[in-house]
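S.K.: build me a model:
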Amino acid sequence: MIDHGIEPSVVSYNNMVLGNCRKGFMDVAAALLSEMAEKNVKPNVITYSMLVDGYFKKGETEKAIAIFDSMLTLGISPTDVTYNTVINGLCRVGQTVAAKDRMEEFVAKGFAPICMTYNSLINGFMKEGEVNSALAVYNEMCETGILPNVITYTTLIDGLSKRKNLDLALKMQREMRGKGIEMDVTCYNALIDAFCKRNDMNSARELFDEILDVGLSPTTGVYNTMIGGYRDLYNMESALDLYKRMKNEGIQCDLETYTTLIDGLLKVGNIVLASETYQEMLAKNIVPDVITYSVLVRGLCNKGQVANARKVLEEMVKKSITPNVLVYNTLIAGYFREGNLQEAFRLHDEMLDRGLAPDDATYDILVNGNFKETVSSNGALSV
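M.R.: Modelled structure (predicted):
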């Protein structure tokens, strides 16, 4: 543009700033701001709002706030979009208290929070475990006459359910329905997951069936939640029925689906079907992760197939997947149970060679012969 004698306008610069912010090239975007000053092109509120948003999304909170403050210093008035960008950005990085303080500061300057503003705060507080603060924001929202939407209630229900406060989550569901707001699939899944964790599969199944009754389609995530719930109760017949239903309805099975099924099948002693399910997963080009391998190692060791479990470890190494301490603990315990102390201690040495630090469980196995299961973050039993 400049080569052809055409000077870029603020609109042209804003387009370039936007493009670089979206790509995460914040150094380039900031350089464009400096270039605008050199060429006497005045940046506007849109320019600064994009930069603030870009820095927040890049995780550079201090730079985002610095840009926002410099905009104020220059006398450029923020828009509601700018204010919401700052509030949402602070919430995303775990600074929800600061975001709430900023909102109150903005309100004093004439900013009118909307549903999205309050949703950001509620989500931020929930992620930080500050349930009472999230509920206080919800109450404030309602008192100011702003109608919560499905995102508000889904955030509350999901957060409450994850913190095992199912009664309050169900109260929120009733309030939601009382306001004529329909639940979406994400909201249903949050409640289904809470019932599954209570081992209340009847209530979970009622909600699952309700999804279909209201004309929605269960997602892979919903099916995974239900399959995991049945797995935890050793009800692999119901879990496999859902798995077959997924395939019949064209719902994609993912790594979590297969890992949960393999885990459950090994727990009930169906090693053949677990192996077939694993092979089916590989045939679909779904790559096992460390949790999947942990499930395989644990299941095989618990059934006395330590040699086959050892082959799983070798497969991990072959595929450049670093075994974790739990995998080694399971194998060490397996060899210990067989009386093969030499191999158990050899695996301990191998752990050290791989740069893995044995934990208390490792030494409890080697010294006392004790071994305890743990649960992985996605709910699948691992070693």
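
S.K.: what is the burial count for the residue lying closest to Arg231 once chain neighbours are set aside?
M.R.: In space, and not counting its chain neighbours, Arg231 is closest to Gly264: 3.6 Å by Cβ to Cβ, 6 or more residues apart in numbering. Where you see a C-beta, it was placed from the backbone N, CA and C, and this is true even at glycine. Burial measure for Gly264: 28 neighbouring residues, criterion other Cβ atoms under 10 Å.

S.K.: next structured bit after the host helix or strand of Gly264?
M.R.: Here Gly264 sits within helix 255-267, counting by DSSP states H and E. Note on helix 255-267: by DSSP H and E, the next helix or strand toward the C-terminus is helix 271-283.

S.K.: got the angle between that next one and helix 255-267?
M.R.: 160 degrees (axes from the mean of the first three to the mean of the last three Cα atoms, to 10 degrees).

S.K.: and helix 271-283, what's buried?
M.R.: Neighbour-count burial for helix 271-283 flags Leu273, Ala274, Ser275, Thr277, Tyr278, Met281 (criterion: 16 or more other Cβ atoms under 10 Å).

S.K.: would you turn those into TSV with pLDDT?
M.R.: TSV is the format used below for the buried residues of helix 271-283 (pLDDT from 0 to 100):
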residue	pLDDT
Leu273	96
Ala274	94
Ser275	92
Thr277	96
Tyr278	94
Met281	96
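
S.K.: now tabulate those in a markdown table and tack on distance to Lys109.
M.R.: Compiled in a markdown table, the buried residues of helix 271-283 are given as follows (distance: Cβ to Cβ, whole Å):
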| residue | distance to Lys109 |
| --- | --- |
| Leu273 | 64 |
| Ala274 | 62 |
| Ser275 | 65 |
| Thr277 | 59 |
| Tyr278 | 60 |
| Met281 | 56 |
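
S.K.: out of the residues you listed, which comes closest to Asn308?
M.R.: Of all these, Asn308 sits closest to Ser275, with 9.2 Å by Cβ to Cβ.

S.K.: distance of the closest residue to Thr154 other than its chain neighbours relative to Cys91?
M.R.: Once flanking residues are discounted, Thr154 sits nearest to Cys187: 4.2 Å by Cβ to Cβ, 6+ apart. Here the criterion is Cβ to Cβ, to the nearest Å. By it, Cys187 lies 20 Å from Cys91.

S.K.: on that earlier part again, confirm the residue nearest to Thr154 sits in a helix?
M.R.: Yes. The assignment for Cys187 by DSSP: H, G, I helix; E, B strand; the rest coil puts it in a helix.

S.K.: what's the helix holding Gly264 packed up against?
M.R.: Helices and strands touching helix 255-267, as assessed by 3 or more Cβ pairs under 8 Å, 6 or more residues apart in numbering; DSSP states H and E, comprise helix 220-232, helix 236-248, helix 271-283, helix 290-302.

S.K.: try it again with 10 Å
M.R.: helix 220-232, helix 236-248, helix 271-283, helix 290-302, strand 381-382 (3 or more Cβ pairs under 10 Å, 6 or more residues apart in numbering; DSSP states H and E).

S.K.: quick one, which of those is packed in tightest?
M.R.: helix 290-302 (a mean of 25; mean count of other Cβ atoms under 10 Å).

S.K.: next helix or strand past that one?
M.R.: helix 306-318.

S.K.: quick one: buried residues of that following helix?
M.R.: Per 16+ other Cβ under 10 Å, helix 306-318 contains these buried residues: Val306, Asn308, Ala309, Arg310, Val312, Leu313, Met316.

S.K.: stretch 71-87 now?
M.R.: Quick answer for stretch 71-87 (16+ other Cβ under 10 Å): Met71, Ile76, Pro78, Thr82, Tyr83, Asn84, Thr85, Val86, Ile87.
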